[in-house]
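> Give me a 3D structure for the following:
(2 chains)
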Protein chains: 2
Amino acid sequence: MTATIIDGKSRAAALDEKVAAAVAGLKSAHGMVPGLAVVLVGDDPASDIYVSNKVKRTEAAGMRSIEHRLPGDTAEDDLIALVEALNADPEVDGILVQMPLPKHIDSDRVVMTIDPAKDVDGLHPMNAGLLVLGRSALVACTPQGCVDLAKQARGGDLTGLDAVVIGRSILVGKPVSLLLQNENCTVTMAHSRTKDLAGLCSRADIVVAAVGRPGYVKADWLKAGATVIDVGINRIPAPERGEGKTRIVGDVDTEAAKQVAGAITPVPGGVGPMTIGFLLVNTVMAACRRRGLPEPTIA
Amino acid sequence: MTATIIDGKSRAAALDEKVAAAVAGLKSAHGMVPGLAVVLVGDDPASDIYVSNKVKRTEAAGMRSIEHRLPGDTAEDDLIALVEALNADPEVDGILVQMPLPKHIDSDRVVMTIDPAKDVDGLHPMNAGLLVLGRSALVACTPQGCVDLAKQARGGDLTGLDAVVIGRSILVGKPVSLLLQNENCTVTMAHSRTKDLAGLCSRADIVVAAVGRPGYVKADWLKAGATVIDVGINRIPAPERGEGKTRIVGDVDTEAAKQVAGAITPVPGGVGPMTIGFLLVNTVMAACRRRGLPEPTIA
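Have a look, this model is predicted:
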């Protein structure tokens, strides 16, 4: 028996459709169209592709996309001034500043400038704090995607399941842990100083791997039937594709793990596509909250 | 072999002395005396005793104490106006609004009004968020006390230890989990929906109990030599003390647990006294950060 492959691409497409329906509903009921501003500083090719995808999917969902592309040598104060202008703009519901920023810019200062009510990336400490306090927050998109895929694999209810989250990054590990706890999982937060990771994983119904090391999680660590969410995006040499070629792999030894797990996300095509999906969801939520409108049920 | 009793009272006294030394140092080096404002609404006897203790220990440490006692029927807007005035007062470094507030007042709104830089109770979402993000924050006092006592019992270093935190309250369970993770523990966050709490505890080097149920954690759940931090404060009938008498017990079956644990906090006299201790520490830290002075090492 091999694991079910959790298809993030088709789930993200379904999410996009639900967002589009919600946006259409808001337009007809309230004459309102959510707007997402994306700010890109510099011309990193990967960031460029990513931003273009965001713009495309935002518009495909019927929302307004506002793009700001700034040169790589933009002064920090100029970027701050742009964020402040977007904060003040009533037509802008969500602000996303594409990371990483050039090294001469203090990312923390930029994030702290974003109005928490428009922080659709969920990076502002206020949103992280509201998540801890169990109050209405804009939650980081990739973590939401992880939990959504785990719920897809488990029929929607994660109550009482034992989850191990490997990696305690502020972008993924910590928020995923808090979200899984909100889903009534018993969550263990594991990391590089954890003594018996294999033992921990062998008791877990859900394993989330977010360590950034190719094939780090081994098949023989897993409990039979476990749900495995692989957040890793690691580029490794792929000589079989030709000299100098590379390919993307996750943090799990996927092929072997398929023989043990009950369900597993592939890399690519698992967690990855979910991130923009929840960015669109967050933009709709931010638009409704800011305007005092009831939030539609999307995910 | 019986467990070491972790003496919170004497540790808190030592902490108070260190705070007093730091305050004296700040006064002589910078002519600065930290000020803590405490706001009590109504005349709940328990809150009254607690506030009086805070005032006494603040002054004993050489700091300025500013007391505001308001009648129980104070309007929410008047309390908000007082908090705003304290935010604006340069002589006030810390603001503590004693909880619980009377029912006609929205506590969340009051907490959200406190300047996060003066929020020495660590209740503001911004401080909760900064804790998640691993950045300089004012952290809630009781959670800091729990971790401090665990470190006392373990020779200062908790790296690699397995910790189970029972209870996911926003005031204790969640911040304790995050703090223990910062100490490089592998933390499992357990709660009412956890399937096998006894099994989890049997593998834990540190057990923190914060559930509010007298004697809930049993001795035979514990690993031999475990460090047990009991946050519970439960009042139970004590007919042996006379008719209608009560006594305070924790969340752990302490007498039996002493035969298994390596170290355990008593109730009372364990975590309890630490809370005001860290309130004073937080006030010194807030005073230094606000004024751009280097923070003294206290705890």
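> hey, let's count contacts and neighbours off CA atoms from now on
Fine.
> Tell me how many other residues crowd A:D78.
11 (other C-alpha atoms under 10 Å in any protein chain shown).
> State the distance from it to A:P71.
11 Å (C-alpha to C-alpha, to the nearest Å).
> Name the residues of the stretch 101-250 of chain A found near chain B, please.
Within the stretch 101-250 of chain A, the positions near chain B by C-alpha under 8 Å from any C-alpha of the partner chain are A:124-130, A:132-134, A:159-162, A:170, A:174, A:181, A:184-191, A:193-195.
> Filter those residues down to just the ones in strands.
A:D162, A:T186, A:V187, A:T188, A:M189, A:A190 (DSSP state E).
> Looking at those residues, spot the one nearest A:A257.
The shortest approach to A:A257 among those belongs to A:D162, at 18.3 Å (C-alpha to C-alpha).
> Bridged to the closest one, which residues?
A:T186 (DSSP bridges).
> Distance-wise, check it relative to A:V187.
Taking C-alpha to C-alpha, one finds A:D162 at 6 Å from A:V187.
> And these two? Which one has more around it.
Higher neighbour count among A:D162 and A:V187: A:V187, with 29 against 26, using other C-alpha under 10 Å.
> List the contacts of the residue lying closest to that one once chain neighbours are set aside.
Using C-alpha to C-alpha, 6 or more residues apart in numbering or on different chains and skipping residues adjacent in sequence, the residue nearest A:V187 is A:A163, 4.8 Å away. Shown in contact with A:A163 (C-alpha atoms under 8 Å, 6 or more residues apart in numbering or on different chains): A:L180, A:C185, A:T186, A:V187, A:T188, A:A204, A:D205, A:I206, A:V207, A:V208.
> so which strand or helix has the most far-flung residue of chain A relative to its centre?
In terms of distance from the mean C-alpha position of chain A, A:E243 ranks first, at 32.7 Å (C-alpha atoms, centre = their mean). A:E243 belongs to no helix or strand when assigned by DSSP states H and E.
> just the one 4 residues further on next, same as before
With elements taken from DSSP H and E, the one containing A:R247 is strand A:246-249.
> ok, residues contacting that strand?
A:P214, A:G215, A:G232, A:I233, A:N234, A:R235, A:I236, A:P237, A:A238, A:P239, A:V267, A:P268.
> and these as a markdown table, adding pLDDT?
Compiled in a markdown table, those are given as follows (pLDDT from 0 to 100):
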| residue | pLDDT |
| --- | --- |
| A:P214 | 97 |
| A:G215 | 97 |
| A:G232 | 96 |
| A:I233 | 95 |
| A:N234 | 96 |
| A:R235 | 94 |
| A:I236 | 95 |
| A:P237 | 95 |
| A:A238 | 95 |
| A:P239 | 94 |
| A:V267 | 97 |
| A:P268 | 96 |
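> Would you state the helices of chain A in chain order?
In chain A, the helices defined using DSSP state H lie at A:8-30, A:45-60, A:76-88, A:107-113, A:125-132, A:141-153, A:173-182, A:197-202, A:254-257, A:274-290.
> In a markdown table, list those helices along with mean pLDDT.
Shown next, in a markdown table, are these (pLDDT from 0 to 100):
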| stretch | mean pLDDT |
| --- | --- |
| helix A:8-30 | 97 |
| helix A:45-60 | 95 |
| helix A:76-88 | 98 |
| helix A:107-113 | 96 |
| helix A:125-132 | 95 |
| helix A:141-153 | 98 |
| helix A:173-182 | 97 |
| helix A:197-202 | 98 |
| helix A:254-257 | 98 |
| helix A:274-290 | 97 |
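> Which one of these lies nearest to B:V228?
Here helix A:197-202 is closest among those (C-alpha to C-alpha), at 21.3 Å.
> Name the nearest residue to A:K245, ignoring sequence neighbours.
A:A238 (5.3 Å).
> Right, and chain B sits closest to which residue of chain A?
A:G129 (3.5 Å; C-alpha to the nearest C-alpha).
> Any idea how many residues pack against that residue?
Neighbours of A:G129 using other C-alpha under 10 Å come to 23.
> wait, it sits on B:N127?
Yes - using C-alpha atoms under 8 Å, A:G129 makes contact with B:N127 at a distance of 6.8 Å.
> While we're on the residue nearest to A:D121 when sequence neighbours are not counted, how confident is the model there?
Excluding the flanking residues, the one nearest A:D121 by C-alpha to C-alpha, 6+ apart is A:A140, at 5.2 Å. pLDDT, A:A140: 96.
> A:A140: how many residues sit nearby?
26.
> Quick check: phi and psi at it.
phi -50, psi 140 (degrees, to the nearest 10).
> contacting residues for it?
With C-alpha under 8 Å, 6+ apart, A:A140 has these contacts: A:V120, A:D121, A:G122, A:L123, A:L171, A:P175.
> out of those residues, which is most surrounded?
Result: A:V120 is most packed of those (other C-alpha under 10 Å), 32 neighbours.
> From what I see, A:K195 and B:C185 are in contact.
No - assessed by C-alpha under 8 Å, A:K195 is found out of contact with B:C185, at 9.5 Å.
> Now list whatever residues contact both of the two.
Common neighbours of A:K195 and B:C185 (C-alpha under 8 Å, 6+ apart) are B:G160, B:L161.
> now the ones in strands among the residues of the stretch 101-250 of chain A next to chain B in CSV, with pLDDT?
CSV is the format used below for these (pLDDT from 0 to 100):
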residue, pLDDT
A:D162, 98
A:T186, 98
A:V187, 98
A:T188, 98
A:M189, 98
A:A190, 98
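> how about TSV for those residues, with distance to A:A287 added?
Shown next, in TSV, are those (distance: C-alpha to C-alpha, whole Å):
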residue	distance to A:A287
A:D162	35
A:T186	33
A:V187	32
A:T188	34
A:M189	33
A:A190	36
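> Could you report the separation of A:A263 from A:D220?
15 Å.
> what do you get for A:V41?
44 Å.
> which one is the residue nearest to the spatial centre of chain A nearest to, not counting chain neighbours?
Geometric centre of chain A, nearest residue: A:T142, 1.2 Å, by C-alpha atoms, centre = their mean. Distances taken as C-alpha to C-alpha, 6+ apart place A:T275 nearest to A:T142, at 4.7 Å, with adjacent residues excluded.
> Counting neighbours, what do you get for A:E240?
Neighbours of A:E240 (other C-alpha under 10 Å): 9.
> Tell me, what's the model's pLDDT at it?
93.
> what's around A:S192, how many residues?
13.
> Next, the contact list for it, please.
A:G167.
> domain assignment for chain A?
A:30-120+A:274-291, A:141-273 (automatic domain parsing).
> out of those, deepest packed?
domain A:141-273 (a mean of 21; mean count of other C-alpha atoms under 10 Å in any protein chain shown).
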